[in-house]
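Participant: Here is a sequence together with a model predicted from it:
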Amino acid sequence: MKTKIAGIELRRIAMPLVAPFRTSFGVETTRDVLLVRVVTADHEGWGECGAMSEPRYSSEYVDSAQHVLRRFLIPALPRDGLDVHEVARVLAPFTGHRMAKSALETAVLDAHLRAADESFGSYLGAARDRVPCGVSVGIMDSVPELLDAVERYIAEGYVRIKLKIEPGWDLAPVRAVRERFGDDLPLQVDANAAYTLSDAQHLAGLDDFGLQLIEQPLANDDLVRHAALARLLRTPICLDESITSAADAAAAVSLGACSVVNIKPGRVGGYLEARRIHDLARAHGVAVWCGGMLETGIGRAANVALAALPGFTLPGDTSASGRYFATDITKPFVLSDGHLDVPAGPGLGVAPLPDVLDAVTTSVEWIKV
Ligand code: OSB
Ligand code: MG
């Protein structure tokens, strides 16, 4: 079925976070988000771009995403409409910019599914109607502050905790969390590429703590050294930044660079490529879980649907709206018994609440197709 697009809105919103989120690459206090709204004759579809304000997590940033969409990606869409499966192929001649591409493809897919009266979860192949949720806990000023935060998240029902780490904030916080909350707490760490292979002996110190995995210890573009590190650690290595496509995932698995994959649809160019990674990992017995980019309810709806696929055997960073924002732009996602429900309505199953959306909007751009 062809989706014929009348025009596309690029909308920027500023979403204050309930607390600063610190990683090894920087601190985020307000999420500057780009939303893509595809308008057809009868429907509209939404996509959220994962890019952050600065090119630190990856080379994309929110201004670059908006620019490449306006200048190259949107003008490449055929005027007489296209099938959702064609979006990625039409955009493929432009290198990189996967988060921008993902936002556009997701908006087209949402419009298509609303017209077809099918949910995102059903379309992707969801195997359950709710997903277990973990939470990613930022770097804090002190260990007592961290323990308070983790205690609150456990009380809210999160089923696994991920601690952000960096040199100087690794063994001590992990030890403290283990001592306070016990060995049974599903616990993992994320370094966001803050270490080098010469830190291997230090990182092996994490092996005593029974972590589910260590995420992205080394540089984004270094599968070979991740494979070397994997041979030196007992803790399984999970890759995030390094995996930008199904081809990367296949290479990483065959090299032994990781035994778990964090799948973030924006990072890999969209939900269809994300599903390919899921399929490939599942065929190889490699566990995957759904990562996050501090999404609003729009991106969260799609992530929760993806996380319901059968190969997502570990809890994702699909936390409730309240973990990020006092007021979400959609009806909030609320944790129930440590799970979020997969939206069942057509398309993403959620849409921005007009009043909330207007209140957080910082700019709107309309592009005729
Ligand atoms: O590395 O997983 C990451 C947030 C922004 C950028 C990178 C990462 C993260 C998170 C939080 O860890 C995930 C979330 O809760 O959305
Ligand atoms: Mg990560």
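Facilitator: All right, it came through fine. Ligands and ions are numbered 1, 2, ... in the order given.
Participant: the domain parsing of this structure - what is it?
Facilitator: With domains defined by automatic domain parsing, the chain comprises 5-117+353-368, 122-341.
Participant: how about these in CSV, adding mean neighbour count, distance to ligand 1 and mean pLDDT?
Facilitator: The C-beta positions use only the backbone N, C-alpha and C, and glycine is treated the same way. Putting those into CSV (neighbours: other Cβ atoms under 10 Å; distance: least, Cβ to the nearest ligand atom, whole Å; pLDDT from 0 to 100) gives the following:
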stretch, mean neighbour count, distance to ligand 1, mean pLDDT
domain 5-117+353-368, 19, 5, 97
domain 122-341, 20, 2, 98
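Participant: Which one, of those domains, ends up nearest to Gly347?
Facilitator: Closest of these to Gly347 is domain 5-117+353-368, at 4.0 Å (criterion: Cβ to Cβ).
Participant: how far out from the middle of the chain is that closest one?
Facilitator: Relative to its chain's centre, domain 5-117+353-368 lies at 14 Å (Cα atoms, centre = their mean, to the nearest Å).
Participant: That one and ligand 2 in contact?
Facilitator: No - judged by Cβ under 5 Å from the ion, domain 5-117+353-368 makes no contact with ligand 2; its nearest approach is 8.0 Å.
Participant: First-to-last residue distance for that domain?
Facilitator: 9 Å (Cα to Cα, to the nearest Å).
Participant: now the strands: where do they sit in the stretch 101-250 of the chain?
Facilitator: 130-132, 134-137, 160-164, 187-190, 214-215, 237-239 (DSSP state E, counting those that start in this stretch).
Participant: what helices or strands is the fourth one leaning on?
Facilitator: Packed against strand 187-190 by the contact rule (3 or more Cβ pairs under 8 Å, 6 or more residues apart in numbering; DSSP states H and E) you find strand 160-164, helix 171-181, strand 214-215.
Participant: Residue most distant from the centroid, this protein?
Facilitator: Asp80 (32.0 Å; Cα atoms, centre = their mean).
Participant: so that one, which of the three states?
Facilitator: coil (DSSP: H, G, I helix; E, B strand; the rest coil).
Participant: any idea how far it is from Lys331?
Facilitator: 35 Å (Cβ to Cβ, to the nearest Å).
Participant: Pro265 too?
Facilitator: Pro265 is 21 Å from Lys331, by Cβ to Cβ.
Participant: re the thing from before, JSON lines please, covering the domains of the chain and showing distance to Gly347.
Facilitator: Output for these, formatted as JSON lines (distance: least, Cβ to Cβ, whole Å):
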{"stretch": "domain 5-117+353-368", "distance to Gly347": "4"}
{"stretch": "domain 122-341", "distance to Gly347": "9"}
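Participant: Setting aside sequence-adjacent positions, which residue approaches Gln188 most closely?
Facilitator: Using Cβ to Cβ, 6 or more residues apart in numbering and skipping residues adjacent in sequence, the residue nearest Gln188 is Gln212, 4.4 Å away.
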